[in-house]
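>>> Sequence first, then the predicted structure, then my questions.
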2 protein chains.
Amino acid sequence: MVDLSTPTARGGYAKGDARREHILEVATEIFGTQGFRAATMLQIAAACDISRTGLLHHFPTKESLLEAVLAHRDATSGEQPEPNDSDPRARLRRILAVVEHNATQPRIVNLFSVLSAEAGERSHPAHDYFVQRYDHLRAELQEACRTLAATDQLAPGVDPHALAVEIIALMDGLQVQWVLAPEDIDMVAILRHRLNDALAIPLDA
Amino acid sequence: MVDLSTPTARGGYAKGDARREHILEVATEIFGTQGFRAATMLQIAAACDISRTGLLHHFPTKESLLEAVLAHRDATSGEQPEPNDSDPRARLRRILAVVEHNATQPRIVNLFSVLSAEAGERSHPAHDYFVQRYDHLRAELQEACRTLAATDQLAPGVDPHALAVEIIALMDGLQVQWVLAPEDIDMVAILRHRLNDALAIPLDA
């Protein structure tokens, strides 16, 4: 990521980058509250304090803006694989860290709740993105849970395939309740409790 | 529910009821795929094969139509309290039955996924509906889980408060994955597995 606070030899590019980044932040907010379909480019341009033409210069279509918002979010979410992710317990700890981070990012949570639900419709421009996102996440977590099962690290009776689907569902479902009642729902505590319960030895031990 | 297939002495009323019911079915579909904000009354009228004025005769605003769609869904969902709901195991079995029913109703699942996510925004007309819906459901399930805990019917280490939040989150999150990959996700099997795991004696026993 470009550090916008330091001077740079790139001059005009850096300015363009800052403008682009600002548009992505604003679009994240608007897609997350209005949904992709109801949001308009005119509305996003106005919220960025630029003209519609200025916005179209950076993103020629609403679809291309959505694509950039999702790519931007993926690049900054902390969800990318890390070196120690082959350790399945470290992988589960990182899921907890992502949820802890999300609990400080209501805009991002809104964005993903609204878009993943809207994208159930096949004609939605993010349909394939979300199908692939969940396929990938399920495969990766199922692998981690199978490794835990094979090394007797799951609690008795826990099915590794079901657990992987369940963890993802729990993250998504907790977000719905948290957005509606942030004071009442501690996403991290509930997920940690469930993970510890599914493991032979608690995560924190 | 009015049985529209049988003759009735109510004449004109029955016709109006059938028209109203048809509008609610169509609106469920359109709100569930487009979202409330992006859907238009003109689009809904066209899909019902009536004029916009004809639609406004039944539902003067898009908000009033949304309210009727949610009330209609609540009345036909099988989620209302039943006589044996004071038995917490019967209550959990009924949750499974609702999820089993939902797995045959992709339109309703879409509607609730999309609306509950959109409604996170305070200005959304269904915001209060969903805040209250989840508050109520959590309170009711927490009561059931507390009864199970008090009578030693939960597996060791299961927290009744967390379990109630978790069951609701699991139902919502499984829907997101199921809508995107219906062939890969068995919502009932995953939820049943989790419930059995949380209970001292499995539900089916």
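Right, received. Where do you want to start?
>>> CA only for contacts and neighbour counts going forward, please
Noted.
>>> correct me, but residue A:113 touches residue A:174?
No - contact status for residue A:113 versus residue A:174: not in contact, 10.3 Å apart, counting by CA atoms under 8 Å.
>>> Tell me the residues of chain A that contact chain B?
Contact residues (CA under 8 Å from any CA of the partner chain) of chain A with chain B: A:33-35, A:37-38, A:110, A:113-114, A:116-121, A:127, A:130-131, A:134, A:157-158, A:162, A:165-166, A:168-174, A:176-177, A:179-181, A:190, A:193, A:197.
>>> Let's see which of those residues end up in helices.
Under the assignment DSSP state H, the residues of chain A next to chain B contribute A:33-34, A:110, A:113-114, A:116-118, A:127, A:130-131, A:134, A:162, A:165-166, A:168-174, A:176-177, A:179-180, A:190, A:193, A:197 to helices.
>>> So what touches the least confident helix or strand in chain A by mean pLDDT?
For chain A, counting by mean pLDDT, DSSP states H and E, helix A:12-34 ranks last in confidence among helices and strands (a mean of 88). With CA atoms under 8 Å, 6 or more residues apart in numbering or on different chains as the contact definition, helix A:12-34 has outside contacts at A:2, A:4, A:8, A:39, A:44, A:47-48, A:55, A:58, A:65-66, A:68-69, A:72, A:107-115, B:37, B:118, B:120-121.
>>> Got a ChimeraX select line for the buried ones in these?
Of the contacts of helix A:12-34, the buried ones can be selected in ChimeraX as follows, counting by 16 or more other CA atoms under 10 Å in any protein chain shown:
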select /A:39,44,48,55,65,66,68,69,72,107,108,109,110,111,112,113,114,115 /B:37,118,120,121
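>>> in chain A, what spans have low per-residue confidence?
Under the criterion of pLDDT under 70, the regions of chain A flagged as low confidence span A:1-13, A:78-85.
>>> how is it carved up into domains?
With automatic domain parsing as the criterion, the domains of chain A are listed as A:12-73, A:80-198.
>>> Now these in JSON lines, please, with extra columns for distance to residue B:15.
Supplementary listing: the domains of chain A in JSON lines, determined by distance: least, CA to CA, whole Å:
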{"stretch": "domain A:12-73", "distance to residue B:15": "34"}
{"stretch": "domain A:80-198", "distance to residue B:15": "32"}
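>>> Identify the residues contacting residue A:46.
Residues touching residue A:46, when contacts are defined by CA under 8 Å, 6+ apart, comprise residue A:52.
>>> where does it fall, helix, sheet strand or coil?
Judged by DSSP: H, G, I helix; E, B strand; the rest coil, the three-state class of residue A:46 is helix.
>>> quick one, phi/psi of residue A:87?
When read as degrees, to the nearest 10, the backbone of residue A:87 gives phi -80, psi 110.
>>> list the contacts for it?
Listed by CA under 8 Å, 6+ apart, the contact set of residue A:87 reads residue A:144.
>>> and the gap between residue A:34 and residue B:123?
To residue B:123, residue A:34 is 10 Å away according to CA to CA, to the nearest Å.
>>> Give me the more crowded residue out of those two.
Set residue A:34 next to residue B:123 and count neighbours by other CA atoms under 10 Å in any protein chain shown: residue A:34 wins out with 23 against 11.
>>> Please report the distance of that one from residue B:200.
Residue A:34 sits 44 Å away from residue B:200 when distances are taken as CA to CA.
>>> what do you get for residue A:151?
Taking CA to CA as the criterion, residue A:151 is separated from residue B:200 by 25 Å.
>>> on that earlier part again, which among the domains of chain A is found nearest to residue B:99?
Closest to residue B:99 of those is domain A:80-198 (CA to CA; 14.0 Å).
>>> and the closest one, how far out from the chain's middle?
Centre-to-centre, domain A:80-198 and its host chain are 10 Å apart (CA atoms, centre = their mean, to the nearest Å).
>>> Phi first, then psi, for residue A:181.
Residue A:181 adopts backbone torsions of phi -150, psi 70, taken as degrees, to the nearest 10.
>>> now residue A:199
phi -100, psi 150.
>>> list the contacts for it?
A:153, A:154, A:155.
>>> what does residue A:172 give?
Residue A:172 makes contact with A:113, B:169, B:172, B:173, B:176 under the criterion CA under 8 Å, 6+ apart.
>>> isn't the fourth one right up against residue A:170?
Yes - the criterion here is CA under 8 Å, and residue B:173 meets it with residue A:170 at 5.9 Å.
>>> Now do the shared contacts for these two.
Counting by CA under 8 Å, 6+ apart, no residue touches both residue B:173 and residue A:170.
>>> on that earlier part again, for the contacts of residue A:199, which one is nearest residue A:141?
Closest to residue A:141 out of the contacts of residue A:199 is residue A:154 (13.6 Å), distances taken as CA to CA.
>>> so what's the closest one bridging to?
Counting by DSSP bridges, residue A:154 forms beta bridges with residue A:199.
>>> Which residues are in contact with the closest residue to residue A:124 other than its chain neighbours?
The shortest distance from residue A:124 to any residue other than its chain neighbours is 7.0 Å, reached at residue A:118 (CA to CA, 6 or more residues apart in numbering or on different chains). Contact criterion CA under 8 Å, 6+ apart gives A:35, A:124, B:32, B:33, B:34, B:35, B:110, B:114 as the residues in contact with residue A:118.
>>> what two of those residues are the furthest from one another?
Largest separation among the contacts of residue A:118 by CA to CA: A:35 and B:110, giving 14.2 Å.
>>> can you tell me which helix or strand residue A:69 belongs to?
In this structure, residue A:69 sits in helix A:62-76 according to DSSP states H and E.
>>> what residues does that helix touch?
Residues external to helix A:62-76 that are found in contact with it (CA under 8 Å, 6+ apart): A:24, A:25, A:27, A:28, A:36, A:40, A:41, A:59, A:80, A:108, A:125, A:126.
>>> Buried residues in the helix or strand following it, which are they?
Scanning forward in sequence from helix A:62-76, with DSSP H and E defining helices and strands, the next element found is helix A:88-102. The neighbour-count check on helix A:88-102 (16+ other CA under 10 Å) flags A:88, A:89, A:91, A:92, A:94, A:95, A:96, A:98, A:99, A:102 as buried.
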